[in-house]
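Asks: mind folding the following:
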Amino acid sequence: MAILEMGINIGIRNIVEIRYYSSAENYGLDPNLRAGFLSALESFTSEVFGDDIHVVSLASFKLVCFCEMIELPNSDVKANNTQPLLYYAIVEKETDADVVKQHLTKINFQFLNRFSLNDIFSKKNKYFKKFNSRIDEILGDLTLKTEDRFRSIF
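Replies: Below is the predicted model of the structure:
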């Protein structure tokens, strides 16, 4: 029961990626390729079903998502110039998706309070690295596998 990877995408661009386990590299997609896939999936579910992505279940992992549409800075109010700010966590199959989604919601709140929309759209990935410690603090021991939790006790 652990989060293996956590990330934040704006549209088709990855801006934050944190891998907690080296085994997470086994599914190693390029972060921007994953961002493009998630953006397309979000657009598809939004347009076709009028809904957001919550959990995508795979054979060995689950992908838990939280999305907030944010408006492009300096955009025309009449035009629909929004992009999905998508938070995702790749988790072990038995991890409770609702708990992870609550944490992603907290991360969203603090991320939007920390960075301006202009920064989110214009800055490179390294600009957001300083937020990784805040993410780690919010996720806490959700980033630990069961065996790692037991090791920390003994």
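
Asks: ok, residue 58 to residue 130 distance?
Replies: Using Cβ to Cβ, to the nearest Å, we find residue 58 at a distance of 31 Å from residue 130. C-beta here means a position set from N, CA and C on the backbone, and glycine is covered the same way.

Asks: what helices or strands is the longest helix along the chain leaning on?
Replies: In terms of residue count, the longest helix belonging to the chain (DSSP state H) is helix 97-114. With contacts defined as 3 or more Cβ pairs under 8 Å, 6 or more residues apart in numbering; DSSP states H and E, the packing partners of helix 97-114 are strand 3-10, strand 61-71, strand 82-92, helix 132-139.

Asks: can you list contacts of the last one?
Replies: Translated: helix 132-139. By Cβ atoms under 8 Å, 6 or more residues apart in numbering, the residues outside helix 132-139 that reach it are 3, 6, 16, 18, 103, 106-107, 110, 114, 143.

Asks: the inter-axis angle of that helix versus helix 97-114?
Replies: 140 degrees (axes from the mean of the first three to the mean of the last three Cα atoms, to 10 degrees).

Asks: repeat that for the third one.
Replies: Note on geometry: by the same axes, to 10 degrees, strand 82-92 and helix 97-114 are set 140 degrees apart in direction.

Asks: and strand 82-92, which residues are buried?
Replies: For strand 82-92, a neighbour-count test (16 or more other Cβ atoms under 10 Å) marks 83-91 as buried.

Asks: ok, now the last one?
Replies: Within helix 132-139, the residues that qualify as buried are 135, 138-139, counting by 16+ other Cβ under 10 Å.

Asks: how about stretch 112-131?
Replies: Neighbour-count burial for stretch 112-131, counted by 16+ other Cβ under 10 Å, picks out 115, 117, 120-121, 128, 131.

Asks: and residue 35, how many neighbours?
Replies: Using other Cβ atoms under 10 Å, residue 35 has 23 neighbouring residues.
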